[in-house]
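K.L.:
Sequence and predicted structure, then a few things I'm wondering about:
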Amino acid sequence: MVYLSMIFFKIVAPILILLVIGAILQKKFNFNLKALSHLITYCFMPAAVFINIYETSIEVSVIGEITLFIVLFIGIQMLLSQFLAKVLKLERKESAVFKNSVVLINSGNYGIPVAQMIFATQPIGVAIQVIMVIFQNMVTYTYGLYNLISSTKSGIAIVRDFLKMPIVHALILGGTLNYFNVPIPETFSIPMNHIANGFVAVALITLGAQLSQIEMRSMFNKTIFVSCFTRLVVGPSIALLVIFALGLDGVVAQSLFIASAFPTSRNSASLALEYDIESDTAAQTVLFSTIISCLTVTVVIYMSNYLFVLN
């Protein structure tokens, strides 16, 4: 119990504090959230991704294991969300939002900061989370969009949008320079590191500001409860079964298990708002799952330290 509380106060509580700071600042100054979101997407996150990939060595076999885990985990989540949507007898639009809330995970401005705190001395743990972000973005702009607007956007347009993401360019560039062992001049590496170091604070404060805009009334309904339970409890349970089935261990298993426990992606609410499909329900699900995740993520981190021995 002491160790569990230590995880909460050293890892989860600091995240919660930054979220609260963001919410308070937003209420006082009413930030331009779109501008902040662009700043993270086009500056802070690419820098953090580039530095982590550039400075981390990942064996090809490990990348294969991660890819196989992600495909199995996300595939099972898709099937489960489809089944639950039918059991709940949701209407078509509500069903689309529900499925996205289960499958799309906040691996970016929630997952990477958590990984950076947990795996401060194990860079591969952060690198694995970066790979999760890439896959989650792919799922968001394929499966997520398909759920909402399957008849309004072509496959080519979706691929084009995905290839425009700065995080993809940062991943490719960082991986290429890492592979060929190309040194980066200090003129570029120093500002890059400054930006990357600021990512955690800016991302979480911005997320807090975004969550403060969501109305809490009517948040407590059956669909949101089932969605959050599936995302935060059933999701990690499925991930654990897949990890054991694949025989994964060490930092890889620990990182993947923790990554499976993060709350619903804010992108699920952004997409619903953009296309005006049950946007209130989507936003309320994001808020509720983020609040509850403060407890569930703590438990998953605690379990990961006992289940998997670090190499």
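P.N.:
Received the coordinates, thanks. Given the structure is predicted, the values throughout are model-derived calculations rather than measurements. Numbering: from 1, shown residues only.
K.L.:
Burial check on the closest residue in space to V97 that isn't next to it in sequence, number of neighbours?
P.N.:
Sequence neighbours aside, E278 is the residue nearest to V97 in space, at 4.4 Å (criterion: Cβ to Cβ, 6 or more residues apart in numbering). Just so you know, the C-beta spots here come from the backbone N, C-alpha and C atoms, and that holds for glycine as well. The number of residues packed around E278, counting by other Cβ atoms under 10 Å, is 24.
K.L.:
Quick one, grab the pLDDT at the residue nearest the centre of the chain.
P.N.:
By Cα atoms, centre = their mean, the mean C-alpha position of the chain lies nearest to S107, the distance being 1.2 Å. If you check S107, the pLDDT there is 83.
K.L.:
so for the host helix or strand of I66, what's the average pLDDT?
P.N.:
Using DSSP states H and E, I66 maps to helix 60-87. Averaged over helix 60-87, pLDDT sits at 91.
K.L.:
go on, stretch 203-220?
P.N.:
75.
K.L.:
Let me see the contact set for the residue nearest to the centre of the chain.
P.N.:
By Cβ atoms under 8 Å, 6 or more residues apart in numbering, the contact set of S107 is Q129, M132, V133, Q136, A259, F262, S265.
K.L.:
Just list the residues touching the residue nearest to V97, thanks.
P.N.:
For E278, the contact set (Cβ under 8 Å, 6+ apart) comprises K93, E94, A96, V97, A272.
K.L.:
Wasn't the fourth one part of a helix?
P.N.:
Yes. V97 sits within a helix when classified using DSSP: H, G, I helix; E, B strand; the rest coil.
K.L.:
so it touches I277, yeah?
P.N.:
Yes. Counting by Cβ atoms under 8 Å, I277 is a contact partner of V97 at 6.4 Å.
K.L.:
The two: which is more packed in?
P.N.:
Neighbour totals were compared for V97 and I277, and V97 leads with 26 against 19 (other Cβ under 10 Å).
K.L.:
tell me the contacts of that one?
P.N.:
V97 neighbours (Cβ under 8 Å, 6+ apart): N147, L148, S268, A272, I277, E278, T281, A282, T285.
K.L.:
Please apply the same query to L232.
P.N.:
L232 is in contact with A261, P263, S289, I292, S293, T296, counting by Cβ under 8 Å, 6+ apart.
K.L.:
With adjacent residues omitted, what lies nearest to L68?
P.N.:
The shortest distance from L68 to any non-neighbouring residue, by Cβ to Cβ, 6+ apart, is to L246 (6.4 Å).
K.L.:
What is the burial count for that neighbour?
P.N.:
Using other Cβ under 10 Å, L246 has 16 other residues around it.
K.L.:
My understanding was that it contacts I66; is that so?
P.N.:
No. Using Cβ under 8 Å, L246 makes no contact with I66, being 10.0 Å away.
K.L.:
so when I look at I214, I'm seeing a helix, right?
P.N.:
No. Looking at I214 with three-state DSSP, it is coil, so not inside a helix.
K.L.:
what about it, neighbour count?
P.N.:
Neighbours of I214 under the rule other Cβ under 10 Å: 18.
K.L.:
Helices along the stretch 51-200 of the chain, start to end?
P.N.:
60-87, 92-103, 112-118, 123-139, 145-149, 155-163, 166-179, 186-211 (DSSP state H, counting those that start in this stretch).
K.L.:
In a markdown table: those helices, plus distance to K34.
P.N.:
Formatted as a markdown table, these follow (distance: least, Cβ to Cβ, whole Å):
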| stretch | distance to K34 |
| --- | --- |
| helix 60-87 | 28 |
| helix 92-103 | 21 |
| helix 112-118 | 21 |
| helix 123-139 | 18 |
| helix 145-149 | 20 |
| helix 155-163 | 17 |
| helix 166-179 | 16 |
| helix 186-211 | 10 |
